[in-house]
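Novice: Just a sequence and a predicted model for now, questions to come.
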Amino acid sequence: MQSDLKSDCLNCFGLCCVSLPYMKSNDFPYDKDSGEPCRHLCSDHRCSIHGSLREKGFHGCVSYECFGAGQKVSQLIYKKQDWRKDSRMAEEMFSVFPIVQQLHEMLFYLKQALALEEAKDLKLEIQTLYDLTYTLTIKVPEEILELDIEAHRNKINPVLVKVSDIYRSKYRKNSEGSHTKKKRPDYIGAHLANVDMKGQDLRGTFLIAANLTNSDLRRADFIGADLRDANLSGANLAEALFLTQAQIQSAKGDKATVLPDYVERPRHWGS
């Protein structure tokens with residue numbers, strides 16, 4: 001993963017542990033409101049159970065990725081001002097953080113698109129959108145809070161769709177073509193072991209608890225795909241497109257799982 005678009009907890013004020021709400025579920029053991037510090041957040045902004053999050057039921061924390069927004073908000077936008085020292089600033093910071101997180105996720109996809117040789121004819125358009133998005137992340141808090149994130153996402157999505165169609169065309173005979181011409185399949189709990197899914201458009205697809213062992217997922221598009229508890233043991237995700245660390249963290253796998261070089265193998269997968 002690009003280092004500037006990867007969470008750096010040592011340079012963040014624990015923003016995801018405070019600003020984001022969650023409900024008791026398979027991902028969290030209890031309810032927490034937005035702005036309420038997690039009960040395991042220490043005064044130095046570190047997590048007291050970081051090494052045992054999965055065992056204690058915090059699967060949502062294990063799979064979360066802020067794409068570097070935490071340190072951007074903490075160190076740059078708020079110039080290292082700790083939210084604990086100013087309650088009024090804290091409320092604003094907790095509202096700014098999720099907006100910057102969304103922008104950083106867009107930057108992650110755009111940066112990956114820029115690196116693709118197949119998308120070289122779109123490079124100028126992609127770079128322009130990248131530069132515009134980056135500029136939005138360094139505005140003052142008042143301006144960030146006024147941003148129309150959905151409108152900006154709608155500017156970026158069409159070019160990412162173009163990139164995906166071009167990139168997946170190598171395996172087009174196995175794909176279903178354009179993102180706009182098909183309904184998303186529901187693969188929750190599906191048995192897809194040993195299936196050839198090269199070049200598939202899996203954007204927004206539910207793959208929760210799907211069995212994808214030894215499946216071929218090369219050059220599949222994973223934007224928005226839900227991989228929670230999906231079994232990727234032995235699966236080939238080489239050259240997977242728009243796959244995030246968070247998605248892989250939420251899945252299961254083993255040493256035989258082939259991952260793209262920008263994704264790290266989760267520690268809970270074992271060696």
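Specialist: Sure, I can see it. Numbers count the residues shown, from 1 in each chain.

Novice: Other residues contacting the lowest-mean-pLDDT helix or strand in the chain?
Specialist: In the chain, the helix or strand scored least confidently by mean pLDDT, DSSP states H and E is helix 59-62, which has a mean of 90. The contact list for helix 59-62 (CB atoms under 8 Å, 6 or more residues apart in numbering) reads 16, 22, 25-28, 47, 53-54, 228, 249-250, 266, 268. In short, each C-beta sits where N, CA and C put it, glycine included.

Novice: Let's see which of those residues end up in helices.
Specialist: Within the contacts of helix 59-62, residues falling in helices by DSSP state H are 16, 249, 250.

Novice: okay, these in CSV with distance to residue 232 and pLDDT next?
Specialist: Below are the ones in helices among the contacts of helix 59-62 laid out as CSV (distance: CB to CB, whole Å; pLDDT from 0 to 100):
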residue, distance to residue 232, pLDDT
16, 25, 95
249, 12, 93
250, 11, 93
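
Novice: any idea how far the least confident helix or strand of the chain is from the chain center?
Specialist: Centre-to-centre, helix 59-62 and its host chain are 13 Å apart (CA atoms, centre = their mean, to the nearest Å).

Novice: next helix or strand past it?
Specialist: helix 69-71 (DSSP states H and E).

Novice: pLDDT on that next one, on average?
Specialist: For helix 69-71, the mean per-residue pLDDT is 96.

Novice: Equivalent analysis for stretch 205-214, please.
Specialist: pLDDT averaged over stretch 205-214 gives 96.

Novice: hey, C-alpha coordinates of that stretch in PDB?
Specialist: This file holds the C-alpha atoms of stretch 205-214, laid out as PDB (Å, rounded to 0.1, in the frame of the first residue of the first chain):
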ATOM      1  CA  THR A 205     -20.400  -7.500  -4.500                       C
ATOM      2  CA  PHE A 206     -21.300  -9.200  -1.200                       C
ATOM      3  CA  LEU A 207     -18.800 -12.000  -0.700                       C
ATOM      4  CA  ILE A 208     -19.400 -12.400   3.000                       C
ATOM      5  CA  ALA A 209     -18.300 -15.900   4.200                       C
ATOM      6  CA  ALA A 210     -18.000 -17.100   0.600                       C
ATOM      7  CA  ASN A 211     -15.700 -20.000  -0.100                       C
ATOM      8  CA  LEU A 212     -13.100 -18.800  -2.600                       C
ATOM      9  CA  THR A 213     -10.400 -21.300  -1.900                       C
ATOM     10  CA  ASN A 214      -8.100 -21.800  -4.800                       C
END
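
Novice: buried sites along it?
Specialist: 205, 206, 207, 208, 209, 210, 211, 212, 213, 214 (16 or more other CB atoms under 10 Å).

Novice: Please enumerate residues in contact with that stretch?
Specialist: 184-195, 197, 224-235.

Novice: got the residue ranges for the helices in the stretch 101-250 of the chain?
Specialist: With DSSP state H, counting those that start in this stretch as the criterion, the stretch 101-250 of the chain has helices at 123-137, 141-145, 149-168, 245-250.

Novice: Could you export these to TSV, including columns for mean neighbour count and distance to residue 34?
Specialist: Formatted as TSV, the helices of the stretch 101-250 of the chain follow (neighbours: other CB atoms under 10 Å; distance: least, CB to CB, whole Å):
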stretch	mean neighbour count	distance to residue 34
helix 123-137	16	21
helix 141-145	14	15
helix 149-168	17	17
helix 245-250	22	19
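
Novice: Out of these, which is closest to residue 201?
Specialist: Across the helices of the stretch 101-250 of the chain, residue 201 has its closest neighbour in helix 149-168 (6.8 Å, CB to CB).
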